[in-house]
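Chemist: Fold the following and give me the result.
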Amino acid sequence: MTPAPLINGRFVTQSLSGVQRFAIEITRALLVRNAGASLLTPQGGSLAWPGAREIGKRQGQVWEQLELPLHARGRLLINLGNTGPLLADRQIVVIHDAGVFSTPEAYSRPFRLWYKFVQKALIRRRTTIVTVSAFSRREISRHLSLPESLIRVMPEGTDHMRLMSSDAGILAANGLAPGKFVLGVGTLSAHKNLAALENLAGQLHARGTPLVIAGGMGGAAFNAANESRLPQPARYIGRVSDAALKALYETAGCFVFPSRYEGFGLPPVEALACGCPVACADIPALRESCADAALYFDPNDPQQIAESVLSILDTPSRQNGLRTAGAARAAELTWAGAASILESIAMEVLERR
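Modeler: Numbers count the residues shown, from 1 in each chain. Sure, this is the predicted structure:
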């Protein structure tokens with residue numbers, strides 16, 4: 001019998017972002033589908049996983065590159081967060097996008113150099129590469145000189161939003177009334193393009209409607225020297241819990257996402273799953289993930305961004321149409337479905353032994 005795969009659990013020690021959310025939900029779905037699969041984690045992870053095995057004594061990249069492959073020897077290793085150990089025997093690596101190549105200004109130089117080195121080395125070792133959209137497949141193919149036919153695609157899911165609780169206390173804590181604010185989620189990374197919301201913030205302020213932005217405003221991976229100026233006036237509430245974020249999605253009059261570059265774009269589809277009308281950048285990955293369930297704008301045109309959001313706030317029929325389309329689109333994106341695709345890829349890799 002072929003041994004069940006192992007999962008790289010480095011993500012349990014990392015701060016939550018879209019990549020870590022993907023890793024958490026796919027791991028949960030894989031462990032439900034395949035009782036023989038195991039999660040290997042560094043010591044002291046912040047997430048508790050039944051049946052997970054803590055291995056090694058180190059953390060971060062050193063753990064992933066030196067200790068993880070020793071414990072994964074002879075087994076298929078599934079890596080869900082853009083990198084994997086160069087010494088692993090057989091592995092799958094999910095590369096979410098080619099941002100370090102396409103938007104280098106968004107990342108610190110050490111981060112860019114390391115990711116480029118590791119990903120190119122993984123390609124040379126004929127690692128099976130998976131990504132999260134057809135757009136990312138084209139990008140990875142172009143930058144890593146790997147034929148598109150050798151890059152597999154799996155989507156992301158939204159059903160984690162339905163399963164989690166909602167904490168409406170975040171509204172009272174920040175003086176927010178349901179339907180009377182616009183929500184954005186992002187970081188200072190240059191490609192998130194928060195500065196493009198300046199015009200919108202001003203027009204909303206004149207109407208007495210706050211622009212609320214949730215998310216971390218820093219991180220070692222990002223290029224602090226090129227941080228975009230934060231739009232003003234806006235209300236910055238920092239990182240919030242999953243339950244608080246769900247409450248914000250559920251009660252915002254509109255969700256706005258001006259990012260210039262994404263591999264998939266999880267926040268907009270999370271908003272769709274919570275019944276929030278979405279206005280987002282007209283870029284390939286978001287067209288792919290949100291389909292006809294969002295109103296699109298040019299992320300380089302601040303006035304068009306503002307007009308799109310205000311048209312949603314001022315047109316109840318448009319709000320209702322977007323909510324209906326959003327619910328239908330969100331129902332198509334499940335973590336079980338995504339895990340099924342990844343499991344099929346894993347079986348193919350095992351059969352090629």
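Chemist: Glu105 against Ala190, yeah?
Modeler: Yes. Proximity of Glu105 to Ala190 meets the contact threshold set by Cβ atoms under 8 Å, at 5.0 Å. All C-beta atoms are positioned from the backbone trio N, CA, C, and that covers glycine.
Chemist: who's more crowded, the two?
Modeler: Ranked by neighbour count (other Cβ atoms under 10 Å), Glu105 and Ala190 place Ala190 first, with 20 against 11.
Chemist: chain center to stretch 17-34, what's the gap?
Modeler: 12 Å (Cα atoms, centre = their mean, to the nearest Å).
Chemist: and that stretch, which residues are buried?
Modeler: Buried residues in stretch 17-34, defined by neighbour count with 16 or more other Cβ atoms under 10 Å: 17-31.
Chemist: Can I get the helix or strand where Gln304 lies in CSV, CA atoms only?
Modeler: Assessed by DSSP states H and E, Gln304 sits inside helix 302-313. Output in CSV follows, covering the C-alpha atoms of helix 302-313 (Å, rounded to 0.1, in the frame of the first residue of the first chain):
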residue,chain,number,x,y,z
PRO,A,302,-9.3,56.7,-8.2
GLN,A,303,-12.3,58.5,-9.5
GLN,A,304,-13.7,55.4,-11.1
ILE,A,305,-13.1,53.5,-7.9
ALA,A,306,-15.1,56.1,-5.9
GLU,A,307,-17.9,56.1,-8.5
SER,A,308,-18.2,52.3,-8.5
VAL,A,309,-18.5,52.1,-4.7
LEU,A,310,-21.0,55.0,-4.5
SER,A,311,-23.1,53.5,-7.3
ILE,A,312,-23.5,50.4,-5.1
LEU,A,313,-24.4,52.4,-2.0
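Chemist: residues in contact with the closest residue in space to Gly157 that isn't next to it in sequence?
Modeler: Spatial nearest neighbour of Gly157, chain neighbours left out: Trp335 (3.5 Å); criterion: Cβ to Cβ, 6 or more residues apart in numbering. By Cβ atoms under 8 Å, 6 or more residues apart in numbering, the contact set of Trp335 is 25-26, 28-29, 156-157, 159-160.
Chemist: after the helix holding Gln304 comes which helix or strand?
Modeler: helix 316-332.
Chemist: name the helices or strands packed onto that following helix?
Modeler: helix 266-273, helix 302-313 (3 or more Cβ pairs under 8 Å, 6 or more residues apart in numbering; DSSP states H and E).
Chemist: Going by distance to Tyr261, which of the buried residues of stretch 17-34 wins?
Modeler: Distance to Tyr261, by Cβ to Cβ, is smallest for Gly18 among the buried residues of stretch 17-34, at 12.6 Å.
Chemist: Can you name the element that comes right after the helix-or-strand element of the chain with minimal mean pLDDT?
Modeler: Lowest on mean pLDDT, DSSP states H and E among the helices and strands of the chain sits strand 53-54, with a mean of 90. Next along the chain after strand 53-54, taking DSSP H and E as the criterion, comes helix 60-62.
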